[in-house]
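In: Here is my input; please provide its structure:
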Amino acid sequence: MRRIKPVYGFWLIWIVISGYLGIFKALTKAPESVHQGAQCDRACVAWNYYHEDMNFFMPRVSEDRQSEGITGMEFPIIPFTVAVLFKVFGPHDFIYRFLLYLLVSLGVFHAWKITGLFIQQNIHRLLLVFGWYCSPILVFYTPNFLADAGAMSFVMMAWYHLILRIYGVEPARNMRRFALWMSMAGLLKISFLIYGIAGFILLFLWHFFKNPTLRVVFTRHDFMWMVVPAVPVSAWYGYSGWLTRRTSNMHFLQSMNPADSVKEFLQNSQTALNNWQESLYRPGFFMFFMVILLVLLVFRLRQALLPGLAAALMLSGFGAIWILFNHQFIYHDYYFILLFPALFFGWLFIQQLLQEQRTLLLGCVSMVIGVAFWVIPFMNAGHAAHMMNRRYAKGDYYHQNAFAEAEELVSQADTISKVIPDGARVFYAFDNTPNTALYLLKKRGVRISRDFGPEITADILSKSRTKYLVLNDTSLWFSRYEPQLKTGASKVYHGKNTHIYRLP
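Out: Residues are numbered from 1 along each chain as shown. Predicted structure coming up:
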């Protein structure tokens with residue numbers, strides 16, 4: 001009987017795991033759930049490339065009150081690629097989600113390939129990779145619209161080639177590939193460039209090891225390729241910052257957001273962990289894992305040096321980002337995706353130390369560790385699947401759409417598209433996020449949130465050149481705004497919460 005090749009076995013199990021975790025059910029959904037606004041910000045860039053202008057260097061969002069919506073942002077290769085696919089297959093949210101799923105699949109596959117450089121038994125490799133991957137945050141943002149999981153995948157691809165170079169396998173080729181994939185990671189999310197810095201330090205330390213069995217001599221070309229990712233990343237984010245200043249569009253964060261004091265830093269850190277610990281892994285497991293990892297890194301680093309040193313350097317880099325962007329971690333779970341390459345090498349380090357080197361342990365301790373490596377991946381998978389369901393369960397705490405009426409914009413999209421003709425600009429009230437309602441309507445225009453007063457609303461409306469007024473709260477509009485604005489709008493559509501008026 002022919003045995004299934006390990007690589008085919010991986011892909012088969014990956015597909016089964018993806019289905020179990022609920023990834024395939026999410027592929028056909030519009031932007032929804034946690035950080036729906038941030039998802040729509042990215043999704044609308046792809047739609048505007050497709051619908052308005054394919055100029056790669058002029059990404060734009062749907063809220064066009066300022067500079068036609070043109071804005072600086074992270075390297076928009078994903079929304080641009082999606083727009084190209086829209087030209088071929090039509091604009092479907094499935095395309096965006098599926099592209100991210102494919103990219104993350106490649107990242108997980110390269111994590112699997114990295115384990116093959118350290119672990120002999122394929123079942124142990126699978127348990128490690130899927131035990132690491134089955135985090136609710138990582139699973140949710142796999143078929144999504146944000147670039148963070150894609151950037152993480154490029155890091156895993158880059159580090160696979162870096163480790164091959166350390167082992168002396170095709171040095172020139174693997175360094176070029178490291179530079180390419182690390183550049184892509186930094187372009188998608190500049191914070192992921194910390195893993196390029198960690199790789200540079202790892203190579204530097206390895207070059208000067210006194211132990212002749214460990215020492216590898218690296219050339220100036222190796223270090224040159226390590227520096228290469230900084231060039232395109234600096235160039236793009238320099239251009240992106242210039243574009244933001246030129247257009248005065250601040251849709252995407254491009255600056256640090258640290259705490260103002262040590263006390264505030266500690267409070268922010270505690271709040272962030274309380275908010276998202278359940279979304280990292282099973283409650284309590286993440287903190288337990290981190291304590292075990294840090295203790296073993298301090299006392300046993302030399303006994304599994306390469307994965308241990310990689311984990312230590314990566315955690316140090318993440319610590320720097322945690323300090324520089326401290327406020328962001330309170331409200332943005334996807335910032336934690338930056339941590340996962342470090343967690344992977346932490347898993348690998350612990351596995352090498354406790355599973356492969358059992359002579360370090362005694363009797364029942366060794367048995368407990370062995371059982372844990374089998375049980376934890378299944379526990380994490382069950383928890384991740386449960387949390388994925390909660391994030392798409394209407395009314396659940398983790399669902400958190402940008403506003404309650406967003407669901408109706410999706411369910412009634414076909415009907416609304418017949419009321420508002422293609423190309424017509426709309427004025428939407430009320431949406432606290434810049435692009436959620438506009439993207440779900442597949443329209444360009446302006447929006448106001450509930451804290452916009454009648455005076456500023458009148459100024460926005462007079463300059464907006466919109467033809468349609470879309471409301472999700474008619475009582476608020478007609479009691480507070482209409483008496484001063486006197487739009488004279490006539491109703492053309494009446495839904496449960498969505499009401500459309502034509503402006504004279």
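
In: Report the buried residues of the lengthiest helix in the chain.
Out: Longest helix of the chain, by residue count under DSSP state H: helix 363-391. Using 16 or more other Cβ atoms under 10 Å as the test for burial, helix 363-391 gives 369, 373, 376-377, 380-381, 383-385, 387-388, 390-391. Where you see a C-beta, it was placed from the backbone N, CA and C, and this is true even at glycine.

In: Any figure for the gap between the residue lying closest to residue 273 once chain neighbours are set aside and residue 377?
Out: Excluding the flanking residues, the one nearest residue 273 by Cβ to Cβ, 6 or more residues apart in numbering is residue 287, at 7.7 Å. With distances taken as Cβ to Cβ, to the nearest Å, residue 287 is found 18 Å from residue 377.

In: swap in residue 464?
Out: 53 Å.

In: now do residue 105
Out: On the measure of Cβ to Cβ, residue 105 and residue 377 end up 18 Å apart.

In: ok, which stretches of the stretch 251-400 of the chain are helices?
Out: Under the criterion DSSP state H, counting those that start in this stretch, helices of the stretch 251-400 of the chain are mapped to 262-280, 285-300, 305-324, 328-331, 340-350, 363-391.

In: winner for burial among the ones you listed?
Out: Stretch with highest mean neighbour count among the helices of the stretch 251-400 of the chain: helix 340-350 (a mean of 26; mean count of other Cβ atoms under 10 Å).

In: got the contact list for stretch 188-198?
Out: Applying Cβ atoms under 8 Å, 6 or more residues apart in numbering, the external contacts of stretch 188-198 come out as 74-75, 77-78, 147-148, 150-152, 154-155, 158-159, 182, 185-186, 226, 229-230, 233, 237, 310, 313-314, 316-318, 320-321, 325, 338, 341.

In: quick one: terminal-to-terminal distance for it?
Out: Separation of the first and last residues of stretch 188-198 by Cα to Cα, to the nearest Å is 18 Å.

In: what about the nearest residue to residue 419 once chain neighbours are set aside, distance to residue 409?
Out: Nearest residue to residue 419, sequence neighbours excluded (Cβ to Cβ, 6+ apart): residue 493, at 4.5 Å. Here the criterion is Cβ to Cβ. By it, residue 493 lies 12 Å from residue 409.

In: These two: which is more packed in?
Out: Taking other Cβ atoms under 10 Å, residue 493 and residue 409 do not tie; residue 409 has more neighbours (25 against 17).

In: Now the more buried one: which helix or strand?
Out: Using DSSP states H and E, residue 409 sits in helix 406-411.

In: Which SSE is immediately downstream of that helix?
Out: Downstream of helix 406-411, the next assigned helix or strand under DSSP H and E is helix 413-419.

In: Buried residues in that following helix, which are they?
Out: If you call a residue buried by 16+ other Cβ under 10 Å, then helix 413-419 has these buried ones: residue 416.

In: for stretch 396-416, same thing?
Out: In stretch 396-416, counting by 16+ other Cβ under 10 Å, buried: 398-399, 401-403, 405-410, 412, 416.

In: which residues are contacting that stretch?
Out: So stretch 396-416 is contacted by 30, 32-37, 40, 279, 387, 390-394, 430-433, 436-437, 440-442, 472, 493, 495-498, 500 (Cβ under 8 Å, 6+ apart).

In: then it to PDB, C-alphas only?
Out: Extracted C-alpha coordinates of stretch 396-416, given in PDB (Å, rounded to 0.1, in the frame of the first residue of the first chain):
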ATOM      1  CA  ASP A 396     -22.700  37.800  20.600                       C
ATOM      2  CA  TYR A 397     -20.200  40.000  22.400                       C
ATOM      3  CA  TYR A 398     -17.500  39.100  19.900                       C
ATOM      4  CA  HIS A 399     -19.700  39.900  16.800                       C
ATOM      5  CA  GLN A 400     -19.400  43.700  17.200                       C
ATOM      6  CA  ASN A 401     -20.400  45.100  13.900                       C
ATOM      7  CA  ALA A 402     -19.600  48.800  13.400                       C
ATOM      8  CA  PHE A 403     -23.300  49.700  13.800                       C
ATOM      9  CA  ALA A 404     -26.400  47.600  14.200                       C
ATOM     10  CA  GLU A 405     -27.900  48.700  10.800                       C
ATOM     11  CA  ALA A 406     -24.900  47.400   8.800                       C
ATOM     12  CA  GLU A 407     -26.400  43.900   8.600                       C
ATOM     13  CA  GLU A 408     -29.400  45.300   6.700                       C
ATOM     14  CA  LEU A 409     -27.100  47.000   4.100                       C
ATOM     15  CA  VAL A 410     -25.800  43.600   3.300                       C
ATOM     16  CA  SER A 411     -29.000  41.700   3.300                       C
ATOM     17  CA  GLN A 412     -30.800  44.300   1.200                       C
ATOM     18  CA  ALA A 413     -27.900  45.100  -1.100                       C
ATOM     19  CA  ASP A 414     -29.600  44.000  -4.300                       C
ATOM     20  CA  THR A 415     -32.700  46.000  -3.600                       C
ATOM     21  CA  ILE A 416     -30.800  49.100  -2.600                       C
END
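
In: Residue 482: what secondary structure?
Out: Judged by DSSP: H, G, I helix; E, B strand; the rest coil, the three-state class of residue 482 is helix.

In: burial measure for it, as a count.
Out: Number of residues near residue 482 (other Cβ under 10 Å) recorded here: 17.

In: and it, how far is that from residue 457?
Out: For residue 482 relative to residue 457 (Cβ to Cβ), the value is 10 Å.

In: and for these two, which residues touch both?
Out: Between them, residue 482 and residue 457 share no contacting residue, judged by Cβ under 8 Å, 6+ apart.

In: what about the longest helix of the chain, distance to the chain center?
Out: Distance of helix 363-391 from the chain centroid (Cα atoms, centre = their mean, to the nearest Å) equals 24 Å.

In: packing partners for that helix?
Out: helix 6-21, helix 122-133, helix 136-140, helix 285-300 (3 or more Cβ pairs under 8 Å, 6 or more residues apart in numbering; DSSP states H and E).

In: what does the last one rub up against?
Out: By that I understand helix 285-300. 273, 277, 280-281, 308, 311-312, 343, 346, 349-350, 353, 360, 376, 379-380.

In: Burial check on residue 67, number of neighbours?
Out: Number of residues near residue 67 (other Cβ under 10 Å) recorded here: 14.

In: Next, the contact list for the residue lying closest to it once chain neighbours are set aside, please.
Out: Distances taken as Cβ to Cβ, 6+ apart place residue 247 nearest to residue 67, at 3.7 Å, with adjacent residues excluded. Residue 247 is in contact with 66, 67, 70, 71, 72, counting by Cβ under 8 Å, 6+ apart.

In: Buried among the contacts of stretch 396-416? Need that as a selection in PyMOL.
Out: The buried residues among the contacts of stretch 396-416 can be selected in PyMOL (16+ other Cβ under 10 Å) with this line:
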select buried, resi 30+32+33+34+35+36+37+40+279+387+390+391+392+430+431+433+436+437+440+441+442+472+493+495+497+498+500
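
In: Next step: the contacts of stretch 396-416 restricted to strands.
Out: By the criterion of DSSP state E, membership of the contacts of stretch 396-416 in strands covers 493, 500.

In: Helices - which of the contacts of stretch 396-416 land there?
Out: 36, 37, 40, 279, 387, 390, 391, 436, 437, 440, 441.
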